[in-house]
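In: here's my sequence, what's the structure:
(2 chains)
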2 protein chains.
Amino acid sequence: MPKLWNETIETHRREVRHAILAATAALVAERGLLDVTMSQIAEQAGIGRATLYKYFPDVETILRTWHAEQIAHHLACLTEVRDQAVGPARRLKAVLEAFAAISHGSHGHFDTDLVALLHRDEQVGHAQERVAHMIRDLLAEAAAAGEVRVDVAPVELAAYCVHALAAAGTLPSGAAVRRLVAVTFAGLRPVT
Amino acid sequence: MPKLWNETIETHRREVRHAILAATAALVAERGLLDVTMSQIAEQAGIGRATLYKYFPDVETILRTWHAEQIAHHLACLTEVRDQAVGPARRLKAVLEAFAAISHGSHGHFDTDLVALLHRDEQVGHAQERVAHMIRDLLAEAAAAGEVRVDVAPVELAAYCVHALAAAGTLPSGAAVRRLVAVTFAGLRPVT
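Out: Alright, predicted model coming up:
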């Protein structure tokens, strides 16, 4: 087959795949995790059930894929935020703010259900580890610059940050999330 | 029936119930949540299967009961710790330390599984809320005494504390947990 034809097929497959993931995310957000069927996903994505089964074997696999892509997307956002900020303290603050905003955006029972389903997923664990490592490295850099306390190891401070900022998922407003970041950041200050 | 006889039966029932809960907790800790059967629980508790079914209909109900009692016990410990400390700042610190110690003690995949199973349990949610309310009230008291920042509402600071201290479940040692409490506490300091 000519190369162009292969590329067209590849593009088409990506588009169908994306439509399936988007349809599933919309349905789960609307109806809850346990009340979504393959038939509903096919209908919402505008494809036949037979086609859907060529892409994914079941709802759980679609959700796992969707969740893994969400996390990869969050990781890419955090990386971009990190690389745009200048100076260790600002880089750290920017990434913590972005992480809190992501936690705030993914609140509600929907995610709790999803986490319950997916928490044994190694891929998810791996991505969460990468976020923790990114924050750890930023903390080490900021500590070396005298901007963050040095009496506690960066890996422990990273665990503190990730957990404290997860509280953003329970907060009602963006203003409350900004206050949470300020409080969490205050815990990192060099001990005088 | 004479009163004494009734009391004997009641004591016996409590003892059997306790043996069932203890056996289940031991089995789950050893084998993981999804690999424990009613037969194993009966054997471990030293009773017949028929007797076990007179007390509980299934493994999940036993685990829910066990977890609810664990949380009630933790709540009682936190209350005792609170009532023994003198002064708003010390009371707050003592309760946060105890809460971190409890989080540290219940780490591991076992609890993650359990939380996944139980997270829709309203009783558990209610008990967690009571812990958060206790910490919120201690924060309000400490803020009124000038020991805690007043620019963020106690309810938001309580969410911060509960989430930050949950990191204790991932830490390797008691020393690391004490550092986590110190970092979390530093975030609460009055803004100068």
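In: so where's chain A uncertain?
Out: A:1-3, A:33, A:106-125 (pLDDT under 70).
In: what about the longest helix in it?
Out: helix A:3-31 (DSSP state H).
In: how far away from the center of its chain is that one?
Out: Taking Cα atoms, centre = their mean, to the nearest Å, one finds the center of helix A:3-31 at 20 Å from the center of the full chain.
In: give me every residue in chain A lying close to chain B.
Out: A:112, A:115-117, A:119, A:149, A:151-152, A:156-157, A:159-160, A:162-167, A:170-171, A:176, A:179-180, A:182-189, A:191 (Cβ under 8 Å from any Cβ of the partner chain). Placement of C-beta: from N, CA and C, glycine included.
In: so which bits of the longest helix of chain A are buried?
Out: For helix A:3-31, the buried set under the neighbour-count rule, 16 or more other Cβ atoms under 10 Å in any protein chain shown, comprises A:16, A:17, A:19, A:20, A:21, A:23, A:24, A:25, A:27, A:28.
In: point me to the residue of chain A nearest chain B.
Out: In chain A, the residue that lies nearest chain B is residue A:187 (3.3 Å; Cβ to the nearest Cβ).
In: mind listing what that residue touches?
Out: Residue A:187 makes contact with A:160, A:164, B:164, B:183, B:184, B:185, B:186, B:187, according to Cβ atoms under 8 Å, 6 or more residues apart in numbering or on different chains.
In: surely the third one meets residue A:164?
Out: Yes. A contact is recorded between residue B:164 and residue A:164 when judged using Cβ atoms under 8 Å, the distance being 3.7 Å.
In: so chain A: which segments form each domain?
Out: A:1-57, A:60-192 (automatic domain parsing).
In: what element comes up after the longest helix of chain A heading to the C-terminus?
Out: Next helix or strand after helix A:3-31 toward the C-terminus (DSSP states H and E): helix A:38-45.
In: what packs against that following helix?
Out: Under the contact definition 3 or more Cβ pairs under 8 Å, 6 or more residues apart in numbering or on different chains; DSSP states H and E, helix A:38-45 sits against helix A:3-31, helix A:49-55, helix A:59-84.
In: tally up the residues packed near residue A:76, please.
Out: Around residue A:76 there are 10 other residues, counting by other Cβ atoms under 10 Å in any protein chain shown.
In: how close does it get to residue A:184?
Out: Per Cβ to Cβ, to the nearest Å, residue A:76 is found 23 Å from residue A:184.
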